[in-house]
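Undergrad: next come a sequence and a model predicted from it.
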Amino acid sequence: MRRPLIGITGRRDTSARLLNISMHSVGETYTRAIHHVGGTPMIIPPLMKQADWPLLLERLDGLLLSGGEDIAPVYYHQEMEDWIGRVDEERDVSELGLIQRWLYQERPLLAICRGHQMLNVTLGGTLYQDIASYIPNALDHAYVPARPMENTVHSVMINAQSRLATVLGGDTFEVNSAHHQAVRSAGNGLEVVAHAPDGVIEAVEMPEHPFCLSVQWHPEAMVKISATMWPLFEAFVQAARG
């Protein structure tokens, strides 16, 4: 069976061994999840420009938008607030252009955490720059260094009629959480299909697209201790196999 080539958006990083040496990377959990279900993962450095997009569109079978730093608020028409985290505008611009062209060609796309927010911003949606500052009585969605990423934190309720619920085989799941921002208003063509108990949007999808699913939690980390999220990656890779 053919192994589809899955591009995974990378981030700027710094080597822990060689002081101040810059790197481009993705979390191992992403690459292992894709490889486990039959895809061949490839890291997309966060510096691609317009000249690179045609080759990526020609060679890649699927696109996974991964997690990372905050998105610069200028791309969703807001001023930068004091609580914004580190941003990488070169990555923002690179991903905005690639996502636009990828969606135009109706290619399989899976978005996770920052990628979920990036998809929304690309389609004209907005974000809460900090959940705790804007949503009264919100749950603590933020990353906790001492807590393993695979540990679940809260439940999500998924629209039972959504594609996401069909893929996962249910409408209520316990999920992990490692974000301080969230979708505020959904972008053009996106449908909100899941919420946390505090009302925070946890998933969107594009009903008119052959395969475009987007989640705020980290399913690639959850598979280390639970099989509940494997169907999401299996469906994505199968769509990319075409």
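TA: Everything's here; your move. Since the structure is predicted, the reported quantities are computational estimates derived from the model, not experimental observations. Residues are numbered from 1 along each chain as shown.
Undergrad: what ranges does this protein have for its strands?
TA: For the chain, the strands defined by DSSP state E occupy 5-9, 11-14, 22-25, 40-44, 62-65, 109-112, 126-128, 154-158, 172-175, 182-185, 191-195, 201-205, 212-215.
Undergrad: if you count neighbours, what's buried in the second one?
TA: Going by neighbour count (16 or more other CB atoms under 10 Å), the buried part of strand 11-14 is 11, 12. (Glycine included, C-beta is placed from N, CA and C.)
Undergrad: that one: partners in the sheet, and parallel or antiparallel?
TA: strand 22-25 (antiparallel) (DSSP bridges).
Undergrad: CA atoms only for the strand it pairs with, dumped as CSV, please.
TA: Coordinates of each C-alpha in strand 22-25 appear next as CSV, following Å, rounded to 0.1, in the frame of the first residue of the first chain:
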residue,chain,number,x,y,z
SER,A,22,19.2,27.7,15.8
MET,A,23,17.2,24.7,14.5
HIS,A,24,14.0,23.9,12.7
SER,A,25,12.0,21.1,14.2
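Undergrad: and the contacts of the one helix or strand in the chain whose mean pLDDT sits lowest?
TA: The helix or strand of the chain with the lowest confidence, counting by mean pLDDT, DSSP states H and E, is strand 11-14 at a mean of 76. The contact list for strand 11-14 (CB atoms under 8 Å, 6 or more residues apart in numbering) reads 20-26, 46, 66, 68-69, 88, 90-91.
Undergrad: on that earlier part again, would you tell me which of the strands of the chain gets closest to residue 79?
TA: Between residue 79 and the strands of the chain, the shortest separation by CB to CB is 12.4 Å, and it involves strand 126-128.
Undergrad: list the contacts for residue 151?
TA: Residue 151 sits next to 176, 225 when contact means CB under 8 Å, 6+ apart.
Undergrad: so which bits of the lengthiest helix in the chain are buried?
TA: Longest helix in the chain, counting residues (DSSP state H): helix 89-104. Buried residues in helix 89-104, counting neighbours by 16+ other CB under 10 Å, are found at 91, 92, 93, 94, 95, 97, 98, 99, 102, 103.
Undergrad: same question for stretch 40-48.
TA: Neighbour counts over stretch 40-48 (16+ other CB under 10 Å) mark 41, 42, 43, 44, 45, 46, 48 as buried.
Undergrad: worst mean pLDDT among the strands of the chain?
TA: Lowest mean pLDDT within the strands of the chain: strand 11-14, at a mean of 76.
Undergrad: and that strand, C-alpha only, in PDB?
TA: What follows is strand 11-14, C-alpha atoms only, in PDB (Å, rounded to 0.1, in the frame of the first residue of the first chain):
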ATOM      1  CA  ARG A  11       9.000  25.700  14.100                       C
ATOM      2  CA  ARG A  12      12.100  27.700  15.000                       C
ATOM      3  CA  ASP A  13      14.000  26.100  17.900                       C
ATOM      4  CA  THR A  14      17.300  26.200  19.700                       C
END
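Undergrad: so the longest helix of the chain versus strand 40-44, what angle?
TA: 130 degrees (axes from the mean of the first three to the mean of the last three CA atoms, to 10 degrees).
Undergrad: other SSEs contacting helix 89-104?
TA: Packing contacts for helix 89-104, counted by 3 or more CB pairs under 8 Å, 6 or more residues apart in numbering; DSSP states H and E, involve strand 5-9, strand 11-14, helix 53-59, strand 62-65, strand 109-112, helix 114-122.
Undergrad: format the ones you listed as TSV; extra columns: distance to residue 174.
TA: TSV is the format used below for these (distance: least, CB to CB, whole Å):
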stretch	distance to residue 174
strand 5-9	25
strand 11-14	27
helix 53-59	35
strand 62-65	23
strand 109-112	17
helix 114-122	18
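Undergrad: now do the contacts for the closest residue to residue 230 other than its chain neighbours.
TA: Residue nearest to residue 230 in three dimensions, not counting chain neighbours: residue 223, with 5.7 Å by CB to CB, 6 or more residues apart in numbering. Residues near residue 223 by CB under 8 Å, 6+ apart: 29, 33, 36, 150, 229, 230, 233.
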